[in-house]
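Engineer: Here is my input; please provide its structure:
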Amino acid sequence: MLGAKVALARAAGGLARTAGRGGGTSLPGKILMRLDRHAIGRLAGRLPRGSVVISATNGKTTTAAMAASVLERTGARLVHNRAGANMAGGVASTLLAAAKGRDGIDGDLGLFEVDEFWLPRVTAELEPRALLLANLFRDQLDRYGELDSIADRWAAVVKGLGPERALVLNADDPLVADLGRERENVTYFGVDDPAMAMPEMQHASDSKHCRRCGHAYEYDAIYLGHLGHYHCPNCGQRRPEPTVVGEHVVLHGTRSATVSVRTPQGTATLELPLPGLYNVYNALGAAALCLSLGVQLDDVIAGLGTVAAAFGRAETITVGGREVSILLVKNPAGANEVLRTLALEEDELDLYAVLNDNIADGRDVSWVWDADFEVIAPKVRRATCSGTRAAELALRLKYAGVPADRLHLVPELDAGLDAALAEGDGTLYALPTYTALLALKDLLAARGHAPRFWEAAA
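Structural biologist: All right, here's what the predicted structure looks like:
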C-alpha cells in the first residue's frame, strides 16, 4: 500500500520540477504525508543504521553538511536533506527520493536537519539514534514565540529519548545545556579561548536568565550572542564541562578559521575552510556528534577539513567574472556573526543586502535594528539594498553610519543584483534573508551560475 502512495507522491514531485517550481523539494513529501501520516516513520524504518537529527536556530544546514562530510568519509551511505528543506515535508521528500522497491532504501544512515519548531513531530517519527541540539536564538518571534516555548518543546523531545540514544548539546548555550541536566552520558561541546571573548554582552543576546531559578546569569566569557561561560549566583547552576572543546581559535576573515579541537580521543588542529566563530561552533557540534557515533578523531578532522560551504552559507559563486560571497542573515545573532566576520576584511566592502518580510522570514523585521551594522559601516564602499523591505534596510544602514551617497535602493532582486555587480570589481558580499536567499539561488540558477535546489541536493 505504501508503494502506491510513494509512486503518486513522486509523480507530483516530477511535475513540480518540470514546471520549474522550487517547491519540488518538499511538495512530494507533503503529498505523501497526506496519504500516510506516518510515512516518515515507515520509510525511516528501512534505514539499517537508523537516523541522526540536528536542530538549531542558526547553523543547522552547515552543521549537517559538516557531519555528512565526516560520515561519508567513513563509508556511510547517507539519506540527507542536503537542500535544507527541514520541515516534515522536506524530510519526507528526502526519504521518498531514497525509497526503492517494496521495502528497500538507497542508503544506510539518515542524516536530517530539522526545523526547531518541527523537531517534536519529526523526531517522534524518526526515533533518531543520536540528536544534536546546537543553539537557540531569537528568530521569527511572530511565528515561533519566545525562546522558552521552543526550549519547553525541546525538553519534551529529550525526555522522550531512550537512554540508549546519544544526546549532543552545546555547553555554551544556557537554554540548550540545561536540557541535559536529568540525563547521563550527554556529550557537551563548547569554546574555551579567552582571546575570542567579547568585552561585553551584545544588545541582541537572548538567554540571560537561569532556567531553573530565573536569576540573571553572570558571565566569565561571552563568545557569540549569549553563548559563553556562565553561572547563576543564586542557585549555582553553571555551564557544564564540555568534552569536545575548541581552543586557540584563529579567524581568517571571510575565508577560513583554525581551531585546536580537544576531545577524549586526543587533540588535533582543524583547518576549517569556512569563516567565522559561528562556523567553529558548527564544526565542534558536528565533531561531537560524529565522535558520539564512534567515528575516529582523525576521520572527524579530515572530514571537517574538506567540507564545502552549504547552500548560501559562505558559498562563493562567480558571476560575470566577479566573485559573489553569499552569507545568509536571518536574525540578530546570526547577522552579528556575519558582520563580525566581514569586519575582519582588510579591503572596503561592497554589499548586496536583501531584506524580505515573507512568511518564511517572519513578518517582523525589526530585528535589523538589533544587528550591529555599526561594526562594518566605516568599511562600506557601496551598499545596494533590495527586497520587500529594502527601504528599511537602507535606513538601518544609514543610522549605522553608512553615508547616504553610498546607499543605493533597488527593491527588485534581479535589478538589484545587476546594479551591485556593475559597480566594482572585487568580491561582492550578498547578505540575503531566508526567502531572499531562495530567490537569489533561483535567479543565479536561471542565469546558469548555480545548480537548482534539487540538482544541488543530488
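Engineer: can you give me the strands for the stretch 301-450 of the chain?
Structural biologist: With DSSP state E, counting those that start in this stretch, the ranges of strands along the stretch 301-450 of the chain come out as 313-319, 322-327, 349-354, 380-386, 407-409, 428-432.
Engineer: wait, which of the ones you listed is closest to T306?
Structural biologist: strand 313-319 (14.9 Å; Cβ to Cβ). Placement of C-beta: from N, CA and C, glycine included.
Engineer: Does that closest one pack against any helices or strands, and if so which?
Structural biologist: strand 322-327 (3 or more Cβ pairs under 8 Å, 6 or more residues apart in numbering; DSSP states H and E).
Engineer: tell me which residues of the strand it packs on are tucked away?
Structural biologist: Buried residues in strand 322-327, defined by neighbour count with 16 or more other Cβ atoms under 10 Å: R322, V324, S325, I326, L327.
Engineer: List just the nearest of those residues to D414.
Structural biologist: Closest approach to D414 among the buried residues of strand 322-327 (Cβ to Cβ): V324, at 13.6 Å.
Engineer: For that closest one, give me its contacts.
Structural biologist: Contacts for V324 were tallied using Cβ atoms under 8 Å, 6 or more residues apart in numbering; they are T316, I317, T318, Y352, L421, T427, L428, Y429, A430.
Engineer: Can you verify my assumption that the third one contacts H449?
Structural biologist: Yes. Judged on Cβ atoms under 8 Å, T318 makes contact with H449 at a distance of 7.3 Å.
Engineer: the more surrounded of the two?
Structural biologist: H449 (14 against 10; other Cβ atoms under 10 Å).
Engineer: Give me the phi and psi for that one.
Structural biologist: phi -100, psi -10 (degrees, to the nearest 10).
Engineer: okay, it: pLDDT?
Structural biologist: Looking at H449, its pLDDT reads 87.
Engineer: Quick check: it vs L2, distance?
Structural biologist: 39 Å (Cβ to Cβ, to the nearest Å).
Engineer: Next: E184.
Structural biologist: With Cβ to Cβ as the criterion, E184 and L2 are 37 Å apart.
Engineer: Give me the more crowded residue out of these two.
Structural biologist: Remark: of E184 and L2, L2 carries more neighbours, 16 against 7, as counted by other Cβ under 10 Å.
Engineer: can you count the residues close to D106?
Structural biologist: Counted by other Cβ under 10 Å, the residues lying close to D106 total 12.
Engineer: Excluding sequence neighbours, find me the nearest residue to it.
Structural biologist: Sequence neighbours aside, A98 is the residue nearest to D106 in space, at 4.7 Å (criterion: Cβ to Cβ, 6 or more residues apart in numbering).
Engineer: Check N81 too.
Structural biologist: Spatial nearest neighbour of N81, excluding adjacent residues (Cβ to Cβ, 6+ apart): T94 at 4.2 Å.
Engineer: burial count for the one you found?
Structural biologist: Neighbour tally, T94, other Cβ under 10 Å: 29.
Engineer: elements contacting the helix or strand where it lies?
Structural biologist: Here T94 sits within helix 88-98, counting by DSSP states H and E. Here helix 88-98 touches helix 2-18, helix 27-35, helix 39-44, strand 78-80, strand 109-113, helix 119-126, going by 3+ Cβ pairs under 8 Å, 6+ apart.
Engineer: now, of those, which is deepest in the fold?
Structural biologist: Comparing those by mean neighbour count (mean count of other Cβ atoms under 10 Å), strand 109-113 comes out on top with a mean of 25.
Engineer: now the strands: where do they sit in the stretch 151-300 of the chain?
Structural biologist: Secondary structure of the stretch 151-300 of the chain (DSSP E, counting those that start in this stretch): strands located at 166-170, 186-191, 218-224, 227-231, 244-252, 256-263, 266-272.
Engineer: Report the mean confidence score over stretch 405-412.
Structural biologist: 98.
Engineer: in that stretch, what's buried?
Structural biologist: R406, L407, H408, V410, P411.
Engineer: Just the closest of those to A39, please.
Structural biologist: Proximity of these to A39 (Cβ to Cβ) peaks at P411, which lies at 40.4 Å.
Engineer: any idea how far the nearest residue to that closest one once chain neighbours are set aside lies from D193?
Structural biologist: Ranked by Cβ to Cβ, 6+ apart and with sequence neighbours excluded, the top spatial neighbour of P411 is A390, at 4.5 Å. Separation of A390 from D193 (Cβ to Cβ) stands at 38 Å.
Engineer: Between the two, which is the more surrounded one?
Structural biologist: Between A390 and D193, A390 has the larger neighbour count (other Cβ under 10 Å), namely 22 against 18.
Engineer: possible to save the buried residues of stretch 405-412 as TSV with distance to L304?
Structural biologist: What follows is those, written out as TSV (distance: Cβ to Cβ, whole Å):
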residue	distance to L304
R406	38
L407	38
H408	38
V410	38
P411	39
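Engineer: related to what we said a few turns ago, for the buried residues of strand 322-327, could you give me a markdown table that also reports distance to P275 and pLDDT?
Structural biologist: As requested, these are exported to a markdown table (distance: Cβ to Cβ, whole Å; pLDDT from 0 to 100):
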| residue | distance to P275 | pLDDT |
| --- | --- | --- |
| R322 | 19 | 94 |
| V324 | 15 | 96 |
| S325 | 9 | 95 |
| I326 | 12 | 96 |
| L327 | 9 | 95 |
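Engineer: Among these, pick out the one closest to L440, please.
Structural biologist: Here the nearest of the buried residues of strand 322-327 to L440, counting by Cβ to Cβ, is I326; it sits at 7.1 Å.
Engineer: Look up how far C232 lies from the closest one.
Structural biologist: For I326, the distance to C232 equals 39 Å [Cβ to Cβ].
Engineer: and what of N282?
Structural biologist: Distance from N282 to C232, by Cβ to Cβ: 27 Å.
Engineer: Just give me the neighbour total for K398.
Structural biologist: Using other Cβ under 10 Å, K398 is surrounded by 16 other residues.
Engineer: right, and it touches R406 too?
Structural biologist: No. Assessed by Cβ under 8 Å, K398 is found out of contact with R406, at 9.5 Å.
Engineer: follow-up on the earlier one: if you rank the contacts of V324 by neighbours, which is first?
Structural biologist: Highest neighbour count within the contacts of V324: A430, with 30 neighbours (other Cβ under 10 Å).
Engineer: isn't that one right up against I326?
Structural biologist: Yes. In this structure, A430 is within contact of I326 by Cβ under 8 Å, at 4.6 Å.
Engineer: Quickly list what's touching both of the two.
Structural biologist: Common neighbours of A430 and I326, using Cβ under 8 Å, 6+ apart, are L440.
Engineer: For E346, give me its contacts.
Structural biologist: By Cβ under 8 Å, 6+ apart, the residues touching E346 are G253.
Engineer: what's S26 in contact with, if anything?
Structural biologist: By Cβ under 8 Å, 6+ apart, S26 lies in contact with A85, M87, G89, G90, S93.
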